[in-house]
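Asker: Whatever this is, show me its structure:
(chains A and B)
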Amino acid sequence: MIRTLNILFLLVSTKVEEAGKKAAEQGAPELPNFITLLYERYGKTSLVQFLHTWQNVVFSLIIILILGFVAYFSSRRKTLLPGRLQNFMEMAVESLDNFICGILGPRGRKFTPFLGTLFIYILCMNFLGLIPGMKSPSSSLNTTVALAICVFLYVQFTGIKNLGIVGYLDHLAGEPRDFITWALVPINLPIHIIGELAKPMSLSLRLFGNITGEDILIAVFVSLGVMALSFLNLPVGLPLQVPFIFLALLTGTIQALVFTLLSTIYFLLMFPHEEEKH
Amino acid sequence: MTYQTALALALPFGLGIAAFGSAFGLGRAVSAALEAMGRQPEAAGRIQVGMIIGCALIEALTIYALVTVFVLSPKIG
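Answerer: Residues are numbered from 1 along each chain as shown, chains lettered A, B, ... in the order given. You can find the predicted model right below:
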C-alpha cells in the first residue's frame, strides 16, 4: 500500500522540487504536506494561516479523531463472538496489558490505559509522516515535550502517592539510614533532582531527534530522486526513498516502544522497594 | 575563520565523534546480549527488553548531537 501511495506521491513531486528549493534556503529539507501546499496557494486567507501556524496540532487532532472513532466503533456493540475490528482491538489491548504488567507486576494494571495510549498515539504519530500529504507531529519538539511533561508529572504524582511525602523526600535523598549516608545527602539530593529533571528531557529529545532525522532523510532522498530525472521534464522521480521508508517503519516502532518502556521503568522506580526483593 | 565556517566544520565532525562512541557502546551491548540469549534461550524475552532499554540510552547520546546539529545548522546559512 505504501508503494502505491508513493507512486501517487511522485505524481505531485514537481511540487516537491519547488518546496525543496524553498526549504534549501530556510534550512532542513522537509516534505510538503497538504497544509503547506494550501499555504502556498491560499496563504493570504486567515483560516489557512491559522492551519499553517498550528499544523502539528492539526495533525495530532487528526490522529486523535481517528483513534477515537476506531475505539468507539470497536466497543459500541460488544459481542461474545467478536467481529474483526473488536478482535483486533482486544488483541492489541491484551498484549499491551501483558507487556506492562510483565514489568510492573499486577499493580501495573492501573497504568495500562495511560501507557498503552501513549504507545498507540506515538506509533500513529510516527507513521503519519510516511503518508504523502501528512506530517509527523512528533517531528516537532513541542509535541514530544508535551508528552514527556505528562509522563513526568504522572510519575512524580505516583511517587508521592505511593511513598508518602516523607518517603518521597527520603527516596530523593538516597534513603539515609546511618551516618555516612546522612553525610552524603548534600551530594545525593541534587543528583537525584537533576536525574528526575533529565528524564523528561531525554525522553522528548530522543523521540524528536529520531523522527526528525528520519523525516529529513526521506525528504533528502525524495528530492534526490526528483533531481535525478529532472532533465526529462516528467512529473515523476526515481523512488529512491523506498528503502528508507522501511527503515522509518522500523525506527518509528522502536521509538514508540522505547518511549513506553522507559516511562514504565520510571513508574517502576517510584514503587516501594520492599516488593522488589522477593 | 568566521563563526559560520567554524560551525559548518564542527557540527558534522562532532556528530561523527558521537556516532563513533555510541557505535562502540551499541556493539558491545548487543554482542553481550546475543551471547546471553545464545546461552539461555529461555530468558531471551527479558534480555531483549533490557537490551532495548540499554540501546535507547546509548543511542540517546548520538541523538543529542543530532539535535544540536538541527538547532545550530540554520545559523550556518
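Asker: separation between residue B:72 and chain A?
Answerer: As judged by CB to the nearest CB, to the nearest Å, residue B:72 and chain A stand 10 Å apart. (Each C-beta comes from the backbone N, C-alpha and C, glycine too.)
Asker: For that residue, list the residues it contacts.
Answerer: Residues in contact with residue B:72 (CB atoms under 8 Å, 6 or more residues apart in numbering or on different chains) are B:7, B:11.
Asker: got the phi/psi numbers for it?
Answerer: Dihedral pair for residue B:72: phi -90, psi -20, per degrees, to the nearest 10.
Asker: how far away is the residue in chain A that chain B sits nearest to from residue A:141?
Answerer: Across chain A, the shortest distance to chain B (CB to the nearest CB) belongs to residue A:209, at 3.7 Å. Using CB to CB, to the nearest Å, residue A:209 is found at 9 Å from residue A:141.
Asker: just residue A:177 next, same as before
Answerer: Residue A:177 sits at a distance of 41 Å from residue A:141 (criterion: CB to CB).
Asker: The two: who's more crowded?
Answerer: For residue A:177 versus residue A:141, neighbours defined as other CB atoms under 10 Å in any protein chain shown are more numerous around residue A:141 (18 against 9).
Asker: Check the residue lying closest to the more buried one once chain neighbours are set aside and give its pLDDT.
Answerer: Using CB to CB, 6 or more residues apart in numbering or on different chains and skipping residues adjacent in sequence, the residue nearest residue A:141 is residue A:208, 4.9 Å away. pLDDT, residue A:208: 92.
Asker: same thing with residue A:17?
Answerer: 49.
Asker: just the helices in the chain please.
Answerer: Going with chain A. Here chain A has its helices, by DSSP state H, at A:2-11, A:13-26, A:34-42, A:46-53, A:55-76, A:84-104, A:112-128, A:141-172, A:179-183, A:185-228, A:242-269, A:274-277.
Asker: actually it's chain B I care about, not the one you picked
Answerer: So, for chain B - with DSSP H - the helices run B:3-39, B:44-72.
Asker: dump the residue contacts of residue 60.
Answerer: Chain wasn't specified; assuming chain A. Residue A:60 touches A:125, A:137, A:143, counting by CB under 8 Å, 6+ apart.
Asker: that answer is for a different chain, and I need it for chain B
Answerer: So residue B:60 contacts A:202, A:205, A:206 (CB under 8 Å, 6+ apart).
Asker: Which ones among the residues you listed also lie next to chain B?
Answerer: A:202, A:205, A:206 (CB under 8 Å from any CB of the partner chain).
Asker: pretty sure the last one contacts residue A:254?
Answerer: No: using CB atoms under 8 Å, residue A:206 and residue A:254 do not qualify as a contacting pair, with a distance of 10.7 Å.
Asker: of these two, who's got more company?
Answerer: The neighbour comparison of residue A:206 against residue A:254 (other CB under 10 Å) goes to residue A:206, with 25 against 17.
Asker: dump the residue contacts of that one.
Answerer: Contact partners of residue A:206, counting by CB under 8 Å, 6+ apart, are A:255, A:258, A:259, B:56, B:59, B:60, B:63.
Asker: How about the residue most central in space within chain B: what's its closest non-neighbour residue?
Answerer: The C-alpha lying nearest the average C-alpha coordinate of chain B belongs to residue B:59 (CA atoms, centre = their mean; 3.2 Å). Using CB to CB, 6+ apart and skipping residues adjacent in sequence, the residue nearest residue B:59 is residue B:22, 6.0 Å away.
Asker: And the one you found, how far from chain A?
Answerer: Distance from residue B:22 to chain A, by CB to the nearest CB: 12 Å.
Asker: Pretty sure that residue sits against residue B:55.
Answerer: No: shown here, residue B:22 and residue B:55 do not form a contact pair, counting by CB under 8 Å, at 9.4 Å.
Asker: what's the pLDDT at residue 59?
Answerer: I went with chain A, as the question did not name one. For residue A:59, pLDDT reads 92.
Asker: Hmm, no, I was thinking of chain B.
Answerer: pLDDT, read off for residue B:59, is 86.
Asker: tell me, how many neighbours does the closest residue to chain A within chain B end up with?
Answerer: Nearest residue of chain B to chain A: residue B:63, at 3.7 Å (CB to the nearest CB). By the measure other CB under 10 Å, the count of residues near residue B:63 is 22.
Asker: Out of the helices of chain B, which gets the lowest mean score?
Answerer: helix B:44-72 (a mean of 86).
Asker: the inter-axis angle of that helix versus helix A:185-228?
Answerer: 70 degrees (axes from the mean of the first three to the mean of the last three CA atoms, to 10 degrees).
Asker: how far out from the middle of the chain is helix B:44-72?
Answerer: Distance of helix B:44-72 from the chain centroid (CA atoms, centre = their mean, to the nearest Å) equals 6 Å.
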